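Student: Dropping a prediction and its sequence here:
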Amino acid sequence: MAGSKRCFQHGGATPKGDQWHRVQWPDGKSPSAERKLAIKLDALRHRERLRQRRLAEMTDTERVAYEQWRKYMRPGTLVERQMRKADRRAAKEMLGAGAHCKPNAISGEMAALRQMAVELDTVRKNLEIARADIVADDGLDVFG
């Protein structure tokens, strides 16, 4: 309510600042604390059921867009959000700083890392084949 620190619907204090995104639980001091807690839990379950239904009705492209949105729009304290924003800005600047480099120029270290990645991928594939053979022989998956 305008000019008040209390919610007009349930009489609780409205969350502000760093607490805006967190569930505000009853303090347990009032005689109706158990009832308030039950109502709050029911509302949270209902909200989650609606969210799950919306997710189930999404197309693949909508789901990808939603996951991208969730990745960057995570709640948190003001300081956490500012740090994430600064990290994104620094990463963008670093990508822009590399624009003056030749695109085909690969350092010796980068070439060695790429070669190591290829070798590790080969080892991984061999281990997957060996795992499949063991599972096929025993019928037991001891690795998974």
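Tutor: Received, thanks.
Student: can you tell me the helix or strand for the residue nearest the centre of the chain?
Tutor: With distances taken as Cα atoms, centre = their mean, the residue of the chain nearest its centroid is Lys71 (5.2 Å). In this structure, Lys71 sits in helix 60-72 according to DSSP states H and E.
Student: got it, and Asp121?
Tutor: Here Asp121 sits within helix 108-138, counting by DSSP H and E.
Student: Then Arg49?
Tutor: Using DSSP H and E, Arg49 sits within helix 33-57.
Student: could you point out where the chain is predicted with low confidence?
Tutor: Counting by pLDDT under 70, the ranges of the chain that qualify are 1-21, 97-106, 135-144.
Student: can you do 80?
Tutor: The chain contains residues with pLDDT under 80 at 1-28, 72-78, 96-108, 132-144.
Student: picking up where we left off before, chain center to the helix holding Arg49, what's the gap?
Tutor: With Cα atoms, centre = their mean, to the nearest Å as the basis, helix 33-57 stands 20 Å off its chain's centre.
Student: just stretch 116-131 next, same as before
Tutor: On Cα atoms, centre = their mean, the centre of stretch 116-131 falls 29 Å from that of its chain.
Student: what comes up buried for that stretch?
Tutor: Residues of stretch 116-131 include none that count as buried (16 or more other Cβ atoms under 10 Å). Yep, even glycine has a C-beta here, placed from its N, CA and C like the rest.
Student: What of stretch 55-74?
Tutor: Quick answer for stretch 55-74: no buried residues (16+ other Cβ under 10 Å).
Student: Number the chain from 12, please
Tutor: Right, with 12 as the first residue, what we last looked at is stretch 66-85.
Student: what does it rub up against?
Tutor: Contact partners of stretch 66-85, identified using Cβ atoms under 8 Å, 6 or more residues apart in numbering, comprise 95, 99.
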